[in-house]
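Chemist: sequence and predicted structure are below.
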Amino acid sequence: MTLEILINLAYVVAAGLFILGLKLLSHPSTARKGNLVSAVGMLVAVIVTLLDQHIISYHYIFIGVLIGGLYGAWKARSVQMTQMPEMVSLFNGFGGAASLLLGWATVSSMDSEVLASTHFFIFVTVLLTLLIGGVTFSGSVIAWGKLSGKLSSKALIFTGLRELSLLHIVAMAAVGFLFVNEPSNMLWLYCTIAIGLSFGLWATISIGGADMPVVIALLNSYSGIAASAAGLAVGNTILIVTGLLVGASGLILTNIMCKAMNRSLMNVLLSGFSKPVEQGEAISGEIKVLSAQDAFYVLEAAQAVLVVPGYGMAVAQAQHAVRELHILLEENGCTVDYAIHAVAGRMPGHMNVLLAEADVPYDQLYEMDDVNPRMENYDVAIVIGANDVVNPAAKEMKGSPIYGMPVIEAYRAKTVFVLKRSANAGFAGVDNPLFFRENTRMILGDAKDTINSLIREFGD
Amino acid sequence: METIYLLFIVLLAAFLGFELIRKVPATLHTPLMSGSNAISGITLVGALTASGAGSSTLTTILGTTAVALASINVVGGYLVTDRMLGMFKKKDNS
């Protein structure tokens, strides 16, 4: 009895440490300490759990922790910052799978007597764990595949998608009811798991690459909710509390991402169904191409430069070259700011991490709303691998699919350089009138090569 | 009665979570996500008991697999978040 009290007290301490850790995470200067505090909380929770008298054999635990720990450590050391979206996605999936298996183990550990005497509330929570865990796992694996290029990042759309979704929801309710009613019948358990996995699979496969920031944030939230549901199932308060902290965090990020695209969550999740919006007016005009050498002359004379990075910077691994150019510009007496749109890249905060990796100080990174009011002050806005987040069509063209999305108004800067591989439409398949503006100059080619040639010009 | 207590905890933890995370700046959104990956590895605590309680073979297998998966999240999540946060610098220090 006293041991049980001790364990629960330690859980209270651990929960406090998690909360403190998250609180410290709200500022870049204390964030690293916050992460450490949170890790100590986890250590406390794990150690006291090992004291539990129900645990009679430790060798399987040891094997599991060893395998998982080694793989996790290797992954954390070897991952490149440009690959963070797929790593977070994969980890969301592992979290979902762990909760699913724990839910399953809860039922499989009960013999028929216990099964009969257990309150149905427990089976409802097991059901939730299995479904949410399954959706999280299969959804995350698909998201991981899309982000790492193993699957096509295009939205896979086919007729009957809406019917399939309704079918899944009806089937979830039906099989769920049967499972809770008759938990001893393994068939219902397997059906529940299968439906959860299948739902996550198709729901993610019908979402396109540009919407991935929303999907990752949502799956992040699900992985926490699954842990929380598992906590209800096994009656462990620390799982409930910490799972919900993660769930809340993911939901907030999801909300921020949706707002940044001016779309509702349902619209993103069901985008596969909507018909393409008819183009109001065809965009045409002349593209003015500039050579790197001419671009250098403009930059050399510039007093204030704004860099607007997008996913293309990550693909080209151009962040270090950007930093090098940044230093050269500053030495030339020019100020350099960065404008980061919330959905630039493939996950929340993707650009910030890449620039941090390249040693760009975080206090030179600005959000859209900080930069837009003083856009006229910038002599040059350099758009690197971004397209939709600087697209003036979002403000001006009612027919555009992204109409209404808040964008970085780079076109209001005195000159705009657009670094782009070719003059095709961007990821969302939306034409960008910015390219045809009077003050826009396109510098075609690989972003990294372009910036490197600018750097060379500075050297001469 | 215990169910009611659990639901109370659910309610309070959800509100607390929203209040805490709302203040995290956009710059730190990626570390926040990898950090919450690590925290969601708390499933490990539940899985430990399932793995070591010595019940049926199936339960042990399921529990041990859950332990391994959750350990990936815990260890990998905290390490990668630390690595990332170590890169964030203010202008003065650079």
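Modeler: It's in.

Chemist: tell me, how many residues neighbour the closest residue in space to A:Ser29 that isn't next to it in sequence?
Modeler: Closest residue to A:Ser29 apart from its sequence neighbours, by Cβ to Cβ, 6 or more residues apart in numbering or on different chains: B:Lys90 at 7.1 Å. Glycine gets a C-beta too; all of them are placed from N, C-alpha and C. By the other Cβ atoms under 10 Å in any protein chain shown criterion, the neighbourhood of B:Lys90 contains 12 residues.

Chemist: who touches B:Lys90 in this structure?
Modeler: When contacts are counted by Cβ atoms under 8 Å, 6 or more residues apart in numbering or on different chains, B:Lys90 touches A:28-29, A:361-363.

Chemist: of those residues, closest to A:Val12?
Modeler: Distances from the contacts of B:Lys90 to A:Val12 were compared by Cβ to Cβ; the smallest belongs to A:Ser29, at 28.3 Å.

Chemist: what about the closest one, which SS state?
Modeler: The three-state label for A:Ser29, taken from DSSP: H, G, I helix; E, B strand; the rest coil, comes out as coil.

Chemist: for it, grab the count of nearby residues.
Modeler: When neighbours are defined as other Cβ under 10 Å, A:Ser29 has 11 of them.

Chemist: phi, psi for it please.
Modeler: In this entry, A:Ser29 is assigned phi and psi values of phi -80, psi -20 (degrees, to the nearest 10).

Chemist: against A:Pro361, how distant is it?
Modeler: Counting by Cβ to Cβ, to the nearest Å, the gap between A:Ser29 and A:Pro361 amounts to 12 Å.

Chemist: returning to that earlier point: gap between the residue nearest to A:Ser29 and A:Ile19?
Modeler: Using Cβ to Cβ, one obtains 26 Å as the distance from B:Lys90 to A:Ile19.

Chemist: do the same with A:Glu438
Modeler: Note on A:Glu438: its distance to A:Ile19, by Cβ to Cβ, is 53 Å.

Chemist: and if you look at A:Asn332?
Modeler: Relative to A:Ile19, A:Asn332 is positioned 47 Å away (criterion: Cβ to Cβ).

Chemist: also B:Thr3?
Modeler: With distances taken as Cβ to Cβ, B:Thr3 is found 24 Å from A:Ile19.

Chemist: now do the phi/psi pair for A:Lys420.
Modeler: The phi/psi pair for A:Lys420 (degrees, to the nearest 10) reads phi -150, psi 150.

Chemist: that one contacts A:Leu444, correct?
Modeler: Yes: with contacts counted by Cβ atoms under 8 Å, A:Lys420 reaches A:Leu444, the gap being 6.1 Å.

Chemist: who has more neighbours, the two?
Modeler: Each of A:Lys420 and A:Leu444 had its neighbours counted (other Cβ under 10 Å), and the higher figure belongs to A:Lys420 (25 against 15).

Chemist: A:Glu438 and A:Ile19: which is more packed in?
Modeler: More neighbours surround A:Ile19 than the other of A:Glu438 and A:Ile19, with 20 against 8 (other Cβ under 10 Å).

Chemist: list the buried residues of stretch B:63-72.
Modeler: For stretch B:63-72, burial by neighbour count (16 or more other Cβ atoms under 10 Å in any protein chain shown) applies to B:63-72.

Chemist: and chain A, which of those reach it?
Modeler: For chain A, the contacts drawn from these by Cβ under 8 Å from any Cβ of the partner chain are B:63-72.

Chemist: looking at the residues you listed, which are in helices?
Modeler: Counting by DSSP state H, the part of those found in helices is B:63-71.

Chemist: and which of those residues is nearest A:Thr136?
Modeler: Within these, distances to A:Thr136 taken as Cβ to Cβ reach their minimum at B:Leu69, with 11.7 Å.

Chemist: does the closest one touch A:Phe91 like I think?
Modeler: No: between B:Leu69 and A:Phe91 there is no contact, the gap being 9.6 Å when judged by Cβ under 8 Å.

Chemist: list the contacts for A:Ser140?
Modeler: Shown in contact with A:Ser140 (Cβ under 8 Å, 6+ apart): A:89-90, A:92-93, A:96, A:200, A:204, A:219, A:223.

Chemist: and what of A:Val37?
Modeler: By Cβ under 8 Å, 6+ apart, the residues touching A:Val37 are A:17, A:20-21, A:24.

Chemist: most neighbours among the residues you listed, which one?
Modeler: The member of those surrounded by the most neighbours (other Cβ under 10 Å) is A:Gly21, with 25 neighbours in all.

Chemist: from A:Ser38, how far off is that residue?
Modeler: Relative to A:Ser38, A:Gly21 is positioned 3 Å away (Cβ to Cβ).

Chemist: next one: A:Ala302
Modeler: 43 Å.

Chemist: more crowded one of those two?
Modeler: Under the neighbour definition other Cβ under 10 Å, A:Ala302 and A:Ser38 were set side by side, and A:Ser38 has more, 28 against 21.

Chemist: that one contacts B:Ile39, correct?
Modeler: Yes: the pair A:Ser38 / B:Ile39 is scored as a contact, 6.3 Å apart, by Cβ under 8 Å.
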